[in-house]
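Novice: structure for the following, please:
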Amino acid sequence: MQSTSRSHAISVSAFVLAAVLGAPTVCIATHSVHPSHVVRTERYFQSIRKNSHQLLLFLQAMPKGGDLHNHLLGAVYAESFIQWASDGGLCVDPTTLYLSAPPCSEQGTVPASNALSDRFLYRRMIDAFSMRHWQLSGESAHAHFFDTFDKFIVASYGNTGKMLAETAARAAAQHEIYQELMHAAAFPAVTALAQRTGWDEDFSRQRDNLLANGMAHVVAAARKEMDEAESMRNAALGCAAPHPDPGCTITQRYQYMVLRGLPQEMVFAQMVLGFEAASADPRFVGLNVVQPEDWYVPKRDFRLHMRMLQYLHRVYPQVHIALHAGELVQGDVPPEDLRFHIRASVEIGNAERIGHGVSVMYETQARALLRELAQRNIMVEICLTSNATILGVQGSRHPLREYMRAGVAVALATDDEGVSRSDMTQEYLRAVVDQDVSYAQLKTMARTSLEHAFIAGASLWSDARNFRPVKACTSDLRRPQRRSAPCQKFLKQNAKATLQWQLESQWLTFESQRWPVAEARPQAPGLGREERARKR
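Specialist: The predicted structure is shown next:
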């Protein structure tokens, strides 16, 4: 966030880590932890990976870098939406549990505030707004998940700043330092513009028509919305107060979220808004195309959307693109629709990152595609909780190990942590327990998240695969006590490198602490020394 300095961010992160695990507070940004510290940390990790409680504490305090796949609307927990609905005088249908605007006497709705005193209604609303107890809904996990958003979306209106504050505070508690949040700013304005403009199949003429009919005003509205939201966020977190919430240290940036289930003129208008906003405001770092690939319109228009992106990428080559692709399993769609979404997203849609990528092994020439992703340095955003809950894909069915085996860059992400009732620590826990990921691999994923972040500036690493630093900061990483003038200048000019330096500071604090000695395996009760020896 702009309201706090990087040095403050580093000191707060180090203090929180020390408070959790009793480590000394060290505020030096470097990855040059003594080798014995790294070995000792890995050894401790190995000793507790079968102890769910100790593993949870370890992973909770572990530095995690960035969350690059996070839907802002889905990041908020149901309890917050219920409170905001109550505060805003909204109504709820006690049968369908959809929120609506007042008056509440119409069509059998009741005040949402009733839920605060009616525990039965309260718990039903939480279940309806999230994946909690979804098995009791009578719906599939996929249907229940995607139906939640329409039920609570009204409570989000006017509360974008509170949503930013909630997800920032939670990110800080998980020891993240950066978020890219998908959000459709100025959505009513851009859809109205699309309807006024109509549709021309010539993409160039269609873009010209949108620009001539008021796209600049829509971009201004999107920027104003985020100005107001960030002001609300900072106030909610007390970022100007003497003791701000740790969430104030989180750097938040935005991907413009394009809803691909809409008519083609609206999809194209959203894309143009995303490219224009990213060109005008550095807080918008790129765009993403969302909504399920198995719905009728996204399935029918998938290739059309890729061609739209191909054209717009030529017009705005500096704007980053991340795309949902391959969030499918066999049976969701006809087999032919499993064979090309990831490849088309990269080769036609110019995606630099792929969200989910679960169906990669069903793609035509899957091994060649994996090699291509690795060679082109396309990162895959891995959302384990979401994939397990919505798609039923976990364990050996998940392609994470195939991506890693092929050398494809991967990083863990939360997707919709509020709806899924999860957080980044749970993603790391799933990676260890469900995917047998090692400590070194988790650390690489955290670093990879920042390396592939769309934030401006050069990387700290001249070789990101082996994490070799740029020349300006090489000596500083060998001598962590102070930064040289060239390194200070480099970091000042590059926001990405500054975040990466901050992460290395967190690794130093985390890995330099004194880890507890692993508990010995308990002996069988009631056996003496000789009996125990014979039993062994």
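Novice: going by C-alpha atoms from here, please, whenever you check contacts or count neighbours.
Specialist: Will do.
Novice: sketch out the low-pLDDT regions of this structure for me.
Specialist: Counting by pLDDT under 70, the chain contains low-confidence residues at 1-35, 478-481, 518-536.
Novice: and if we set it to 90?
Specialist: 1-37, 105-107, 465, 474-484, 508, 515-536 (pLDDT under 90).
Novice: just give me the longest helix of it.
Specialist: Ranked by number of residues, the top helix in the chain under DSSP state H is helix 215-237.
Novice: what's in contact with that helix?
Specialist: 159-165, 169, 185-186, 189-190, 193, 240, 244-245, 247-248, 273, 276-277, 281 (Cα atoms under 8 Å, 6 or more residues apart in numbering).
Novice: if we look at stretch 79-86, which residues are touching it?
Specialist: For stretch 79-86, contacts defined as Cα under 8 Å, 6+ apart pick out 91, 99, 111-115, 125-126, 152, 154-156.
Novice: ok, of the residues you listed, which come out buried?
Specialist: For the contacts of stretch 79-86, a neighbour count by 16 or more other Cα atoms under 10 Å gives the buried set as 91, 99, 111-113, 115, 125-126, 152, 154-156.
Novice: between the residues you listed, which is closest to residue 43?
Specialist: Distance to residue 43, by Cα to Cα, is smallest for residue 126 among these, at 40.6 Å.
Novice: thinking again about what came up before, among the contacts of helix 215-237, the buried ones, what's the ChimeraX command?
Specialist: The following ChimeraX selection, which keeps only the buried ones among the contacts of helix 215-237, applies the criterion 16+ other Cα under 10 Å:
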select :159,160,161,162,163,164,165,169,185,186,189,190,193,244,245,247,248,273,276,277
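Novice: just the contacts of helix 215-237: which are in helices?
Specialist: Using DSSP H, 160-165, 169, 189-190, 193, 273, 276-277 are the members of the contacts of helix 215-237 that sit in helices.
Novice: and the furthest pair within the residues you listed?
Specialist: By the measure Cα to Cα, 169 and 193 form the most distant pair in the ones in helices among the contacts of helix 215-237, at 35.1 Å.
Novice: and the host helix or strand of residue 427, how far out from the chain middle?
Specialist: With elements taken from DSSP states H and E, the one containing residue 427 is helix 424-435. Distance, stretch centre to chain centre, for helix 424-435: 15 Å (Cα atoms, centre = their mean, to the nearest Å).
Novice: next, the buried residues of that helix.
Specialist: For helix 424-435, the neighbour count (16+ other Cα under 10 Å) marks 424-432, 435 as buried.
Novice: and stretch 235-245, by the same measure?
Specialist: Residues 235-239, 244-245 are the ones in stretch 235-245 that count as buried (16+ other Cα under 10 Å).
Novice: do stretch 323-342 as well
Specialist: Going by neighbour count (16+ other Cα under 10 Å), the buried part of stretch 323-342 is 323-329, 337-342.
Novice: quick one: terminal-to-terminal distance for it?
Specialist: Looking at stretch 323-342, the gap from its leading to its trailing residue is 9 Å under the measure Cα to Cα, to the nearest Å.
Novice: how about residues contacting that stretch?
Specialist: Taking Cα under 8 Å, 6+ apart as the criterion, the residues outside stretch 323-342 that touch it are 288-290, 292-294, 299, 302, 345, 351, 353-360, 362-364, 387, 391.
Novice: buried only: go through those residues for me.
Specialist: Taking 16+ other Cα under 10 Å as the criterion, what is buried in these is 288-290, 292-294, 299, 302, 345, 351, 353-360, 362-363, 387, 391.
Novice: of those, which belong to helices?
Specialist: When DSSP H defines the helices, the subset of the buried ones among the contacts of stretch 323-342 inside them is 299, 302, 345.
Novice: any chance of those residues in TSV, with distance to residue 120 too?
Specialist: Listed next are these as TSV, based on distance: Cα to Cα, whole Å:
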residue	distance to residue 120
299	39
302	42
345	45
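Novice: show me where this structure has strands.
Specialist: Using DSSP state E, the strands assigned to the chain run over residues 65-71, 91-92, 99-100, 110-111, 176-183, 251-259, 284-290, 320-325, 353-356, 379-382, 410-412, 461-463, 468-469.
Novice: with distance to residue 333 as extra columns, can I get these in TSV?
Specialist: As requested, the strands of the chain are arranged in TSV below (distance: least, Cα to Cα, whole Å):
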stretch	distance to residue 333
strand 65-71	24
strand 91-92	34
strand 99-100	31
strand 110-111	39
strand 176-183	25
strand 251-259	19
strand 284-290	17
strand 320-325	13
strand 353-356	16
strand 379-382	21
strand 410-412	26
strand 461-463	40
strand 468-469	43
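Novice: out of the ones you listed, which gets nearest to residue 418?
Specialist: With Cα to Cα as the criterion, residue 418 lies closest to strand 65-71 of the strands of the chain, at 9.5 Å.
Novice: mind checking how far that closest one is from the chain centre?
Specialist: Its chain's C-alpha centre and that of strand 65-71 lie 2 Å apart, by Cα atoms, centre = their mean.
Novice: pull the CA atoms of it into CSV?
Specialist: What follows is strand 65-71, C-alpha atoms only, in CSV (Å, rounded to 0.1, in the frame of the first residue of the first chain):
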residue,chain,number,x,y,z
GLY,A,65,5.2,-14.1,-1.2
GLY,A,66,2.1,-13.2,-3.3
ASP,A,67,-1.4,-14.5,-4.1
LEU,A,68,-1.8,-14.0,-7.8
HIS,A,69,-5.2,-15.7,-8.3
ASN,A,70,-7.6,-14.1,-6.0
HIS,A,71,-11.2,-13.0,-6.8
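Novice: now do the helices in the stretch 401-536 of the chain.
Specialist: For the stretch 401-536 of the chain, the helices identified by DSSP state H, counting those that start in this stretch occupy 417-420, 424-435, 439-451, 471-478, 485-493, 495-511, 529-535, in order along the chain.
Novice: could you dump those helices into JSON lines with distance to residue 132 added?
Specialist: Rendered in JSON lines, the data for the helices of the stretch 401-536 of the chain read as follows (distance: least, Cα to Cα, whole Å):
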{"stretch": "helix 417-420", "distance to residue 132": "8"}
{"stretch": "helix 424-435", "distance to residue 132": "15"}
{"stretch": "helix 439-451", "distance to residue 132": "27"}
{"stretch": "helix 471-478", "distance to residue 132": "45"}
{"stretch": "helix 485-493", "distance to residue 132": "43"}
{"stretch": "helix 495-511", "distance to residue 132": "33"}
{"stretch": "helix 529-535", "distance to residue 132": "46"}
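Novice: how about the ones you listed, which one is nearest residue 77?
Specialist: Closest to residue 77 of those, according to Cα to Cα: helix 417-420, at 4.1 Å.
Novice: how about residue 359, phi and psi?
Specialist: Geometry field for residue 359 lists phi and psi as phi -90, psi 20, criterion degrees, to the nearest 10.
Novice: that one and residue 143, how far apart?
Specialist: Noted for residue 359: a distance of 19 Å to residue 143, by Cα to Cα.
Novice: same check on residue 428?
Specialist: Relative to residue 143, residue 428 is positioned 26 Å away (criterion: Cα to Cα).
Novice: and the chain, what are its domains?
Specialist: If you go by automatic domain parsing, the domain ranges for the chain are 6-51+474-511, 77-156, 160-450.
Novice: out of the ones you listed, which is the most enclosed?
Specialist: Each of the domains of the chain was assessed for mean neighbour count using mean count of other Cα atoms under 10 Å. The highest is domain 160-450, with a mean of 20.
Novice: many thanks, I have nothing further to ask.
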